[in-house]
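Participant: Need coordinates for the below:
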Amino acid sequence: MKKNFLLFLILIPALVFSQTASQDEKLFFYNSPKQQQNCTPEIKFNPEIHENVSIMLEGGSAELDWPLSYNLNSGAVIVNYVDNQSGGTIKDYEGNDWAYNGHNGTDIALHDFRNMDRCVPVVAGESGRVVEIAYTSYDRNTTWDGQPANIVCIRHDDGTYAYYYHLMKNSVLPRVGEYVVRGRTIGFVGSSGNSSDAHLHIEPGMFVNNNWVKRDPWNGSFNTLPSLWRNQLPYVGDTTFNLHDMGVYVASSVGGDVEFNTDYAKLKERIISPNTVSGYEPKIGFWMQFQGNATGRQAKYEIRRSDGTLFDDITFSMINQYQYAWSWWTPDFNPGIGVTGDWYVRVLYDNVEKGRCFFDVQLLTSNRPRLYPVAGKCFRKGDFTRRDTLRVRPVRTNMQYDLLGAPSNVTITNDSIINISPSYTQTYRLREFKVVASMGGSSTLRDTMIYKLVDTTKPNPIGNGIVSLDLTAFTEGRFDGSDFKGDTVTVQLRGSLSPYGIVDQDKFKLNNDGYGIANFPNASPGVYYYLVVKHRNSIETWSKTVQQFPDGYPHEYNFTTSRTKAYGDNLKFKNFKYCLYSGDVNQDGIVDATDFSMVDNDVSFFIAGYEITDLDGDFFVDAGDMAIVDNNAYNFVSKVRP
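Facilitator: Now for the predicted structure:
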């Protein structure tokens, strides 16, 4: 049976959801539509975490590596480049339209949500400090409904940034303030936020005059700026045809007739392939995922028996641009069982075979159990037991669930409920275990659930590559006896011997727990340094003794636990916490009449806002601030150092 069809897909730009077309009742195509707005929210300058660059950087020193563990065209697909043309015209870096209007980053998609469930690592393309994270949003979106995305934002050493969007829920691994090295896993691919498919949106750029300026990392004929990639991959916008994935299915795979029950939503979840296909199935389904352009050349599907003879085929032409597309074919089948064994479907383009998919024809159709609605999850360490109920399709009565590599405190109850106790232990930040769901212990009729356990209090197995400090400190004024108002500090590493020269320093924000991370790329592990904490209106405070930093792992130091944590015991005791003395407004190393005069002057003018004379952080310069500086001046509080 030979059939010829011309694929004609009517594109309607206003559509946001599916675009499915059929020229024949048995041949269908879905082409992901071009969106009408950027998938990420407007990036706004936040002075607490962002810094401007003084001038526009054409290149900078940052260089990006490929940000996924999957290679391009081997599990990962570039769906959209950056749109470099303002207005309604689309121009990617080569001047073509492999993007959508207003797109500010590069979209790298997985084949489907089933691949997402395998927990595909997103890695830092370039080293830098993590300045922003989010990880609590739902991660299997198929529409753009304004939900927030799970993200990681990294500030590189040259002052530029890279945003990583749409990550899997709970998968973000670094802490804010941590320094991550190029190639370190920072999360897993998801579909959180404005997202229709499992993908990563990576967007490098910079802040200039408090405004975000995107930076297309790809160099070409239209975007002539230097490439930001250490090894720029070939352009995919001129692809004639690229077959990414394919599969065979039957009625039980889609819950009814293959012709009427197949749609793009099921394809995005990757339709399950049967273990065996009955020779008496009335119809069979074949799907492929592909990319390509309108060349007018012919593509072809062939079903061949196990002896290689042709059973059925269909030919069609590619006359549109397909950035992320599926096709499915639902021909009549029912050959009986005269020829059993490994049948296959061949995909040909321009008369060249691009791939083949095998299926085992036998007397009866049999299906493997499939975990649903997901087959992979991340959980973060918490104070309560986490529970997850396992479900499979089709529903079976003889299902068996077995833990594989699970911590001792993880159990299965009621045959299918996973209980993750908060008392489980793990050595490093990420731990994995699996649950194998099988039919009576079968080695073939089974599926696997992957669990990733994240504990950000634990180190990474390979460290962060530089000297870093986990610091806890309060300033007297901003601690009211129970709560602390976070603020920016600068920490210096100084030599252990006179003249105690500055080796490196870092400026960062202490959060409302008084915690922050300092990174010192110019320091050496194993060497002893003094820690010096400087705050805009507090006394410079030195560590009691020199500290030795381990190789690649953060060193912890907490000034709040004891007066002896500071050199000369120079800390203020306040409601069971030890704090840096406040009141050194002019930063001359002593709290005195000059500081009092500065505060008094601002009180008289009713100064409000984030002012250096606002010692208690309530955004008003008032009598409370005067009392702090007056008391410390009376007690001759000053800097104490070796």
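Participant: Can you tell me which helix or strand of this structure has the lowest average pLDDT?
Facilitator: For the chain, counting by mean pLDDT, DSSP states H and E, strand 2-6 ranks last in confidence among helices and strands (a mean of 44).
Participant: how far away is the residue nearest in space to the middle of the chain from Ile186?
Facilitator: Against the mean C-alpha coordinate of the chain, by C-alpha atoms, centre = their mean, the closest residue is Leu167 at 3.5 Å. Using C-beta to C-beta, to the nearest Å, one obtains 8 Å as the distance from Leu167 to Ile186. (Glycine included, C-beta is placed from N, CA and C.)
Participant: Likewise for Thr560?
Facilitator: When C-beta to C-beta is the yardstick, Thr560 and Ile186 sit 30 Å from each other.
Participant: got it, and Asp313?
Facilitator: Asp313 sits 46 Å away from Ile186 when distances are taken as C-beta to C-beta.
Participant: Those two - which one has more neighbours?
Facilitator: Under the neighbour definition other C-beta atoms under 10 Å, Asp313 and Ile186 were set side by side, and Ile186 has more, 23 against 19.
Participant: Please name the residues that touch the more buried one.
Facilitator: 122-124, 130, 152, 154, 164, 172-174, 180 (C-beta atoms under 8 Å, 6 or more residues apart in numbering).
Participant: Now intersect those residues with the helices, please.
Facilitator: When helices are assigned by DSSP state H, not one member of the contacts of Ile186 lies inside them.
Participant: from those residues, which is closest to Thr613?
Facilitator: The shortest gap between Thr613 and any of the contacts of Ile186 belongs to Val130, at 32.2 Å (C-beta to C-beta).
Participant: for the closest one, what are its contacts?
Facilitator: With the criterion set at C-beta under 8 Å, 6+ apart, Val130 makes contact with 152-154, 174-180, 186.
Participant: Tell me where the stretch 301-450 of the chain has strands.
Facilitator: Remark: strands of the stretch 301-450 of the chain, listed N- to C-terminal, are 310-317, 322-329, 341-349, 352-362, 370-372, 376-380, 386-389, 391-393, 399-404, 410-413, 417-420, 430-439, 446-454; assignment by DSSP state E, counting those that start in this stretch.
Participant: What is the distance between the first one and the centre of its chain?
Facilitator: Right, strand 310-317. Taking the mean C-alpha point of strand 310-317 and that of its whole chain, the gap between them comes to 41 Å (C-alpha atoms, centre = their mean, to the nearest Å).
Participant: just checking, what packs against that strand?
Facilitator: With contacts defined as 3 or more C-beta pairs under 8 Å, 6 or more residues apart in numbering; DSSP states H and E, strand 310-317 has these neighbours: strand 2-6, strand 298-304.
Participant: any idea of the mean pLDDT in it?
Facilitator: Model confidence over strand 310-317 averages 94 on the pLDDT scale.
Participant: so where is the stretch 51-200 of the chain shaky, pLDDT-wise?
Facilitator: Residues of the stretch 51-200 of the chain that meet the criterion pLDDT under 70 lie in 55-60.
Participant: Tell me where it has helices.
Facilitator: Using DSSP state H, counting those that start in this stretch, the helices of the stretch 51-200 of the chain run over 113-116.
Participant: Direction included, what does the strand or helix carrying Val532 pair up with?
Facilitator: Under the criterion of DSSP states H and E, Val532 resides in strand 528-535. Sheet neighbours of strand 528-535, with direction, are listed as strand 488-494 (antiparallel), strand 541-542 (antiparallel), strand 547-548 (antiparallel) (DSSP bridges).
Participant: and among those strands, the most buried is which?
Facilitator: Sort these by mean neighbour count, taking mean count of other C-beta atoms under 10 Å, and strand 541-542 sits at the top with a mean of 24.
Participant: got the contact list for the spatially closest residue to Thr457 that is not a sequence neighbour?
Facilitator: In space, Thr457 comes closest to Lys381 once its chain neighbours are excluded; the distance is 7.1 Å by C-beta to C-beta, 6 or more residues apart in numbering. Counting by C-beta under 8 Å, 6+ apart, Lys381 touches 422, 453-457.
Participant: try 10 Å this time
Facilitator: Contacts here follow C-beta atoms under 10 Å, 6 or more residues apart in numbering; on that basis Lys381 touches 420, 422, 424, 426, 429, 431, 453-458.
Participant: Out of the residues you listed, which end up buried?
Facilitator: Burial by neighbour count, judged by 16 or more other C-beta atoms under 10 Å, picks out 420, 424, 429, 431, 453-456, 458 from those.
Participant: Could you provide those in TSV, with additional columns for pLDDT and distance to Ser196?
Facilitator: Putting the buried ones among the contacts of Lys381 into TSV (pLDDT from 0 to 100; distance: C-beta to C-beta, whole Å) gives the following:
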residue	pLDDT	distance to Ser196
Ile420	96	31
Tyr424	92	35
Arg429	94	31
Arg431	96	31
Leu453	97	29
Val454	97	26
Asp455	96	32
Thr456	94	30
Lys458	91	35
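Participant: Among those, which one lies nearest to Arg230?
Facilitator: Compare each of the buried ones among the contacts of Lys381 with Arg230 using C-beta to C-beta and the shortest gap goes to Arg429, at 26.0 Å.
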